[in-house]
Structures are given as C-alpha cells and as structure tokens.
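Colleague: Let's see this in three dimensions:
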Amino acid sequence: QVQLVESGGGLVQAGVSLRLSCAASGRTFSNYAMGWFRQAPGKEREFVAAINWNGYRTSYADSVKGRFTISRDNAKNTVYLQMNSLKPEDTAVYYCAARNSLMLPTTNYDYWGQGTQVTVSS
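Modeller: Predicted coordinates for the structure are as follows:
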C-alpha cells in the first residue's frame, strides 16, 4: 500500500507559477512511476504528467508541455509538479498517483492522493 498526500495548491492569478508536492509513504518510492492528473468541474480526470522511477524519463499532456515540469526526489519520497504560466483553463483538482512500474505509464495507476485544488483567475 502506498499513501500519497498532495500539497501546494491555491488560488492564483493567470501567468504566475505554482509548485505542487506529493509526499509518498508505505512502500519503496523508487519502485514506482509517478503521475499527476487533474479533474476540472464537469470534466473527466485527465493525464497531466508522468515520471519514471529514476526521474530520467518524463511525459506530458500537450496542454501543459513547455509550461509544467514534473520531477522527483527519491531521497525525500516526493514528486513535484512545477507549473509556470498558469492559465484559467488549468483550474482543477490535481491528483498525485503511483504505479508499480519501471516504465513510464500514463494510465492505470494503482494509488491516488486526495487531491489539491488549483484555481487560476483571469
């Protein structure tokens, strides 16, 4: 079992930056690929970014490519999502997820955090 706790969300204006963190506990963090997903009101949850177990490989949704950066610190059991140039359409609940995989999955994650709200005003 893996427990995930997100933090760092908030209400910001368009154009600014925000960094989300996700602290993991319970199992060997470096065994897991990590991902960020988001769900806006009235929409389905969507993939945002993923990082493989050692941080050498990443994947991004087209909508955030060039603005968001996913990273991880295996010594701290934490994954981050640096979000720059935020737009109102980035408003959503952001979820951290873990999957026991050495690959770079964008779906079928096993464990999920409770989510953190990000609201971007225009």
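Colleague: give the contact list for the residue positioned nearest the centre of the chain.
Modeller: Nearest residue to the geometric centre of the chain (Cα atoms, centre = their mean): residue 36, 2.5 Å. Neighbouring residues of residue 36 by Cβ atoms under 8 Å, 6 or more residues apart in numbering: 20, 22, 48-50, 70, 79, 81, 94-97. Just so you know, the C-beta spots here come from the backbone N, C-alpha and C atoms, and that holds for glycine as well.
Colleague: now this structure, which segments are flagged as low pLDDT?
Modeller: Judged against pLDDT under 70, the chain has no low-scoring part.
Colleague: can you give me the strands in it?
Modeller: Along the chain, counting by DSSP state E, strands occupy 3-7, 10-13, 18-25, 32-39, 46-51, 58-60, 68-73, 78-83, 92-100, 111-112, 116-121.
Colleague: Roughly how far does residue 76 sit from residue 22?
Modeller: 11 Å (Cβ to Cβ, to the nearest Å).
Colleague: go on, residue 122?
Modeller: Counting by Cβ to Cβ, the gap from residue 122 to residue 22 is 27 Å.
Colleague: Which one's more surrounded, those two?
Modeller: Taking neighbours as other Cβ atoms under 10 Å, residue 122 and residue 22 compare with residue 22 leading, 25 against 9.
Colleague: If we ignore the residues flanking it in sequence, what's nearest the more buried one?
Modeller: Nearest residue to residue 22, sequence neighbours excluded (Cβ to Cβ, 6 or more residues apart in numbering): residue 96, at 3.3 Å.
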